[in-house]
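pasting the structure only:
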């Protein structure tokens, strides 16, 4: 595609565009082929997330700005955030307006996370530039740490009141799941576009890599971070189920064995911490050592909003690795909804019951369907998670809004 068709883009927020995890990885993969001279990444340096410069986009302009939110304001002042934060956000935006204008930016892209995405919204308004949102997490839930009870409900109510005007201001709202698009349409009255997480240039080639491991202990692998209490609970329950068949749960994550025990209660005899590896290396390691990949979705009531709106980004790389995928979670979770829409592409367990989990695993051990599940998973992954499709979606909304703004 000719370079002139790529708008000059400012990315403003707390999410680093880096080859790491979550929203940072999604942005990295989406923008990895974007012309470097047309990308300008403004990131908040007043944060404890310092980032990793070795994992950033090559040749791209990374510019720091300050939007400092003290701990007392972050954790104690809600629901007064709207009034107390406005001066800080406006001050941070004032730092950027001239810089964004000077670089000839034609659009602003941000990811709702922490508070600096609100800075991006103000900059776009001040300069009359189209605003684009990529919604990877449910901001009202993450910014209130999913607090349960009536206090948490009140905080999320006011967080949604902060979010609503910006969601409606945006000319495109790229939601990571159908559940998120539906929820925000109900809340804010404006339609979003689905943009699933993707594989990337750093991902393995999508193909079946299933090996028959007959006669060896049954091993399931979980890859990634443990971001929710319900995830840790299901990992512990799965380990208990696997122990009844002398099986193992292997954890591929950046945690140490001590952290897995202290933080998540996973210091269990049949849980093994293996290490954290890039996707292409996982695709080489896992088939020899693993029978199936595990994807948990929390059953915890206070995490319902998260798991029904967030989409597990690991599913994109899981499907490319080409082993059977076992999803355990409620029917309303994004993972279970996707599995139901693609029957046979995963082994889906929706009962909050250890016996149901054990029955499913035993069926996977004794039937000849494991390789077929892996094959169907690869096909479904190619349909939903290919990077070219996601990049096309992003570029099309950027182009349309930029041309409209120019007119």
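That came through, no problem. Values in this document were obtained by computation on a predicted structure and should not be read as measured data.

State the number of residues packed around the residue nearest to residue 325 when sequence neighbours are not counted.
Ranked by CB to CB, 6 or more residues apart in numbering and with sequence neighbours excluded, the top spatial neighbour of residue 325 is residue 346, at 4.4 Å. Placement of C-beta: from N, CA and C, glycine included. Other residues lying near residue 346 total 27 when counted by other CB atoms under 10 Å.

swap in residue 175?
24.

Show me what it bridges to in the sheet.
Judged by DSSP bridges, the bridge partners of residue 175 are residue 135, residue 194.

ok, it - contacts?
135, 181, 184, 192-195 (CB atoms under 8 Å, 6 or more residues apart in numbering).

cool, and residue 11?
17, 27, 31, 39-42, 108-110, 120.

mind running it again at 6 Å?
Counting by CB atoms under 6 Å, 6 or more residues apart in numbering, residue 11 makes contact with 41, 109.

One more: residue 254?
Counting by CB under 6 Å, 6+ apart, the residues that residue 254 touches are residue 276.

Work out for me the element residue 151 sits within.
helix 149-169 (DSSP states H and E).

Going by neighbour count, list what's buried in that helix.
152, 155-156, 158-160, 162-163, 166-167, 169 (16 or more other CB atoms under 10 Å).

same question, stretch 255-269
Those buried within stretch 255-269 under the rule 16+ other CB under 10 Å are 255, 260, 264, 266, 268.

who touches stretch 102-122?
7-15, 23, 40, 44, 67, 69, 89, 92-93, 123-124, 129-132, 134, 136, 139, 166, 398, 402.

Got phi/psi on residue 220?
phi -110, psi 150 (degrees, to the nearest 10).

close enough to count as contact, it and residue 296?
No. Using CB atoms under 6 Å, residue 220 is not in contact with residue 296, being 10.7 Å away.

Could you pull up phi and psi at residue 384?
phi -110, psi -30.

From residue 283, how far off is it?
18 Å (CB to CB, to the nearest Å).

what does residue 323 give?
9 Å.

Map the structural domains onto the sequence of this protein.
3-198+386-406, 219-384 (automatic domain parsing).

I'd like the ones you listed laid out as TSV, including mean pLDDT and distance to residue 210.
TSV is the format used below for these (pLDDT from 0 to 100; distance: least, CB to CB, whole Å):
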stretch	mean pLDDT	distance to residue 210
domain 3-198+386-406	90	21
domain 219-384	95	4
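
Looking at these, spot the one closest to residue 206.
domain 219-384 (4.2 Å; CB to CB).

got the end-to-end distance for that closest one?
27 Å (CA to CA, to the nearest Å).

How far away from the center of its chain is that domain?
In terms of CA atoms, centre = their mean, to the nearest Å, the centre of domain 219-384 is found 16 Å from the chain centre.

Might you report the residue contacts of residue 401?
130, 171.

Relative to residue 108, how far out is it?
The value you get for residue 401 to residue 108, if CB to CB is used, is 10 Å.

And for residue 267?
45 Å.

Could you say which helix or strand holds residue 41?
strand 39-44.

if we look at that strand, which residues are touching it?
9-12, 14, 16-17, 60-63, 65, 67, 96, 103, 116.

give me that answer again for 7 Å
9-12, 14, 16-17, 31, 57, 60-67, 96, 103, 105, 116 (CB atoms under 7 Å, 6 or more residues apart in numbering).

Just give the strands next to that strand in its sheet, each with its orientation.
strand 9-13 (parallel), strand 61-65 (parallel).

show me where the stretch 301-407 of the chain has strands.
325-328, 347-349 (DSSP state E, counting those that start in this stretch).

before we move on, back to that, quickly list what's touching both of residue 323 and residue 283.
Contacts common to residue 323 and residue 283, judged by CB under 7 Å, 6+ apart, are residue 209.

neighbour count winner among the two?
Neighbours per residue (other CB under 10 Å) separate residue 323 from residue 283, with residue 323 holding more: 26 against 21.

show me the contacts for that one.
Contacts of residue 323 (CB under 7 Å, 6+ apart): 209-210, 286-287, 290, 292-293, 374.

Against residue 205, how distant is it?
14 Å.

before we move on, what about residue 240?
Where residue 205 is concerned, residue 240 sits at a distance of 35 Å (CB to CB).

related to what we said a few turns ago, any of the contacts of residue 175 buried? List them.
Buried, going by 16+ other CB under 10 Å: 135, 181, 184, 192, 194-195, out of the contacts of residue 175.

Just put these in TSV and tack on distance to residue 313.
Shown next, in TSV, are the buried ones among the contacts of residue 175 (distance: CB to CB, whole Å):
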residue	distance to residue 313
135	13
181	16
184	19
192	17
194	14
195	11
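
Which pair of these spans the longest distance?
It's 184 and 195 that sit farthest apart of the buried ones among the contacts of residue 175, by CB to CB, at 13.1 Å.

okay, now residue 73: neighbour count?
16.

Does it touch residue 82 like I think?
No. The criterion here is CB atoms under 7 Å, and residue 73 misses it with residue 82 at 11.9 Å.

how about the contacts of residue 175 in CSV, adding distance to residue 370?
Compiled in CSV, the contacts of residue 175 are given as follows (distance: CB to CB, whole Å):
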residue, distance to residue 370
135, 35
181, 33
184, 38
192, 36
193, 35
194, 30
195, 31
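
what two of those residues have the greatest distance between them?
184 and 195 (13.1 Å).

circling back to that earlier point, do me a favour and get the backbone dihedrals for the residue nearest to residue 325.
Torsion angles, degrees, to the nearest 10, at residue 346: phi -140, psi 170.

Could you pull up the contacting residues of residue 226?
232, 235, 264.

out of those residues, which one sits closest to residue 389?
Using CB to CB, these come closest to residue 389 at residue 235, 31.3 Å.

Could you list which residues are in contact with the closest one?
So residue 235 contacts 222, 226, 249, 264, 266, 296 (CB under 7 Å, 6+ apart).
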